[in-house]
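Q: build me a structure from this.
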Amino acid sequence: MRSFVIVVVSLLAGVALCGQASAEVGVPAGTVQQAAADALFLQYAPAPPVPGVICLVDSGVDPNPDTTPILAGSYALSPNTNTEDELAALDPPLLGGHPDGHGTYMAMIAAAPANGWGMVGLAPTSVRIFNMKALAAGQTTFSFSEYGSAIRDCQALTATMPVSVVNLSLGSATQPTGEELEELEDYVRSAHKAGLGVVAAVGNEGGPVQAPADVEGVLGVGASDANPANLGAFCAFSNRGADLALLAPGCGSQSEPGAGNGIEIAFSDDGAPAWAEGTSEAASIVSAAEASMRAYSPTLSYSQAQGCIASTLANGGNLDVAAAFNACGLGQVVSEGMAAYRAASPAPTQPSNTGPPAATLFPAKPAQQPRPRITRITFKHHVLRITVAGIPKGLRLRLLAQAKNDAGHFVTLARATTGRTTITLRVSRWDRIVARFLARGIELPEVSVTRAAHGKHTGGRKQGVR
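A: The predicted structure is shown next:
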């Protein structure tokens with residue numbers, strides 16, 4: 001029996017044990033989590049014209065038969081790193097040398113196709129994944145301020161594909177400052193204006209809900225028991241409290257012979273059945289449900305979809321996907337999916353058709369996004385003056401002046417949003433300037449200049465700096 005433990009940071013604790021030896025988890029009877037969330041119909045429902053896309057902010061996604069068809073694209077937030085899930089390659093290894101990683105599992109749990117290999121995700125016919133890798137090469141944690149960068153870059157994707165949900169199951173190594181929390185709330189509000197829902201795991205310490213799940217506008221998801229005998233009960237490790245929005249399957253002692261604890265997954269290197277536990281898994285399930293609802297009803301807003309989910313919670317707050325679909329006027333999808341599910345027993349001899357691969361539906365890369373070019377910086381008498389190359393028509397510029405705090409993290413001291421090419425900010429000091437364009441509230445990729453790099457670029461003279 002193989003086993004592994006995912007312990008990346010506080011939001012990523014999970015345990016998986018080898019389970020039953022069937023060829024593919026969940027065919028045709030559905031997975032434990034599909035049954036617990038009343039989502040069996042989604043595996044067999046006819047595919048919508050265009051699937052919904054989850055922007056998965058995580059440790060990256062490795063290619064395998066379950067992830068390659070569902071990836072709508074990949075992007076690394078940190079430079080000089082690839083987009084694959086590198087957690088198992090760390091020295092010393094976090095996963096005991098087993099080549100499996102956290103982000104890979106989140107993608108599979110949400111949307112792995114019924115293709116005769118590995119597992120079946122919650123919504124294989126209606127959801128695809130954009131892999132937004134948040135970790136730098138060789139790292140297991142990132143700073144809290146990077147949540148905003150991740151949400152911003154997910155939001156920029158809406159220009160090229162139907163991204164509807166941002167999933168945050170990745171924990172930060174730093175405690176947020178008040179200013180960082182306010183800034184993250186700004187990013188969440190901006191994402192909402194662009195039509196994105198934001199879903200986050202609440203943490204696995206058995207205590208209060210952790211950031212970013214407790215940030216206003218973020219749907220915080222805890223883990224509940226998937227065992228029918230104890231359906232909807234809190235998993236012992238799940239955080240809880242006033243900021244918890246709902247529960248979804250994330251643990252459970254199954255009663256089948258040879259079954260393990262948790263929800264059903266499959267090892268991502270060879271497809272062998274396995275089990276997993278954690279609020280990360282629960283958040284991925286909720287994100288898949290929300291993205292699926294909005295794929296079947298493109299006019300449905302994030303708040304309407306989340307409202308339908310919240311209005312139908314049962315068993316002490318447990319996710320009920322079928323009831324949520326019915327509440328949002330999507331009862332026909334439930335009926336057609338359940339009819340196909342009943343017709344699929346016994347197991348079909350051929351893998352189910354889960355729709356075309358994501359690569360045929362969406363561009364391989366996001367369209368090239370305009371980036372500002374900072375051409376001059378002066379700093380004199382507490383006045384910071386920044387000149388930026390011409391702003392494209394219809395775009396506005398946002399500038400942040402930042403300085404390092406005692407912990408070595410950048411905090412924003414002043415900001416401005418303008419259409420001008422020269423901007424002045426009053427600050428006592430600065431260590432970094434961040435610039436990005438905005439188009440109709442969508443924040444595009446940023447550029448930054450540090451004071452040290454600026455001084456080196458200007459021959460060490462640091463124009464106007466005293």
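Q: just the helices in this protein please.
A: Ranges of helices in the chain, per DSSP state H, are 32-36, 40-44, 102-111, 146-156, 178-193, 279-296, 302-311, 321-327, 331-343, 358-361, 451-457.
Q: which one of those lies closest to residue 53?
A: helix 279-296 (6.7 Å; CB to CB). Every C-beta, even on glycine, is put in place using the N, C-alpha and C of the backbone.
Q: give me the mean pLDDT for that closest one.
A: Mean pLDDT, computed over helix 279-296, is 97.
Q: do the same with stretch 73-93
A: Mean per-residue pLDDT for stretch 73-93: 73.
Q: again with stretch 103-117
A: Here the average pLDDT along stretch 103-117 is 93.
Q: give me the buried positions along that stretch.
A: 103-115, 117 (16 or more other CB atoms under 10 Å).
Q: including distance to residue 285, could the residues you listed go into JSON lines?
A: Output for the buried residues of stretch 103-117, formatted as JSON lines (distance: CB to CB, whole Å):
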{"residue": "103", "distance to residue 285": "15"}
{"residue": "104", "distance to residue 285": "16"}
{"residue": "105", "distance to residue 285": "12"}
{"residue": "106", "distance to residue 285": "10"}
{"residue": "107", "distance to residue 285": "12"}
{"residue": "108", "distance to residue 285": "12"}
{"residue": "109", "distance to residue 285": "6"}
{"residue": "110", "distance to residue 285": "7"}
{"residue": "111", "distance to residue 285": "11"}
{"residue": "112", "distance to residue 285": "12"}
{"residue": "113", "distance to residue 285": "16"}
{"residue": "114", "distance to residue 285": "17"}
{"residue": "115", "distance to residue 285": "20"}
{"residue": "117", "distance to residue 285": "21"}
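Q: can you tell me which two in these are farthest apart?
A: Checking these with CB to CB, the most distant pair is 103 and 114, at 21.4 Å.
Q: now residue 376, nearest residue through space, not along the chain?
A: Using CB to CB, 6 or more residues apart in numbering and skipping residues adjacent in sequence, the residue nearest residue 376 is residue 387, 4.1 Å away.
Q: quick check: that neighbour vs residue 449, distance?
A: Note on residue 387: its distance to residue 449, by CB to CB, to the nearest Å, is 12 Å.
Q: quick one: contacts of stretch 247-254?
A: With contacts defined as CB atoms under 8 Å, 6 or more residues apart in numbering, stretch 247-254 is touched by 32-33, 36-37, 221-227, 230, 232, 234-238, 259-263, 277-279, 281-283, 285-286, 313, 316-319.
Q: who does the nearest residue to residue 154 once chain neighbours are set aside bridge with?
A: For residue 154, ignoring the flanking residues on the chain, the nearest one in space by CB to CB, 6+ apart is residue 55 at 3.5 Å. Beta bridges link residue 55 to residue 130, residue 166 when assigned by DSSP bridges.
Q: wouldn't residue 55 be in contact with residue 156 here?
A: No. Between residue 55 and residue 156 there is no contact under CB atoms under 8 Å: 9.8 Å.
Q: between the two, which one's more packed in?
A: For residue 55 versus residue 156, neighbours defined as other CB atoms under 10 Å are more numerous around residue 55 (32 against 22).
Q: how much space between the more buried one and residue 233?
A: 31 Å.
Q: just checking, which of the contacts of stretch 247-254 belong to strands?
A: Residues of the contacts of stretch 247-254 located in strands (DSSP state E): 221-225, 263.
Q: filter those residues to the buried ones?
A: Buried among the ones in strands among the contacts of stretch 247-254 (16+ other CB under 10 Å): 221-225, 263.
Q: okay, the residues you listed in TSV with distance to residue 423 and pLDDT next?
A: Converted to TSV, those look like this (distance: CB to CB, whole Å; pLDDT from 0 to 100):
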residue	distance to residue 423	pLDDT
221	40	95
222	43	94
223	46	94
224	49	93
225	54	92
263	50	91
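Q: quick one: contacts for the nearest residue to residue 36 once chain neighbours are set aside?
A: With sequence-adjacent residues excluded and distances taken as CB to CB, 6+ apart, residue 36 is closest to residue 226, at 3.8 Å. Neighbouring residues of residue 226 by CB under 8 Å, 6+ apart: 32-33, 35-36, 249-252, 254, 262-263.
Q: tell me the pLDDT of residue 226.
A: 91.
Q: separation between it and residue 399?
A: Relative to residue 399, and taking CB to CB, residue 226 is found at 48 Å.
Q: just residue 411 next, same as before
A: Taking CB to CB, one finds residue 411 at 15 Å from residue 399.
Q: then residue 384?
A: Distance of residue 384 to residue 399, computed by CB to CB: 9 Å.
Q: do the same with residue 270
A: Separation of residue 270 from residue 399 (CB to CB) stands at 50 Å.
Q: more crowded one of those two?
A: Legend: neighbour count by other CB under 10 Å for residue 270 and residue 399, higher for residue 399 (21 against 12).
Q: between the contacts of residue 226, which is closest to residue 160?
A: Residue 160 lies nearest to residue 33 out of those, by CB to CB, at 30.6 Å.
Q: nearest residue to the middle of this structure?
A: The residue lying closest to the centre of the chain (CA atoms, centre = their mean) is residue 167, at 2.4 Å.
Q: so who does it touch?
A: Residue 167 is in contact with 54-58, 106, 110, 199-200, 283-284, 287, counting by CB under 8 Å, 6+ apart.
Q: cutoff 10 Å now
A: 54-58, 103, 106-107, 110, 129-130, 132, 154, 197-201, 221, 280, 283-284, 286-288, 290-291 (CB atoms under 10 Å, 6 or more residues apart in numbering).
Q: chain neighbours aside, what residue packs nearest to it?
A: Nearest to residue 167 is residue 287, by CB to CB, 6+ apart, at 4.2 Å.
Q: tell me how far that neighbour lies from residue 411.
A: Distance of residue 287 to residue 411, given as CB to CB: 30 Å.
Q: ditto for residue 117
A: From residue 117 across to residue 411, the span is 47 Å (CB to CB).
Q: likewise residue 152?
A: When distance is defined by CB to CB, residue 152 is 17 Å away from residue 411.
Q: so which of the two has more stuff around it?
A: Comparing residue 152 with residue 411 by neighbour count (other CB under 10 Å), the higher total belongs to residue 152, at 21 against 17.
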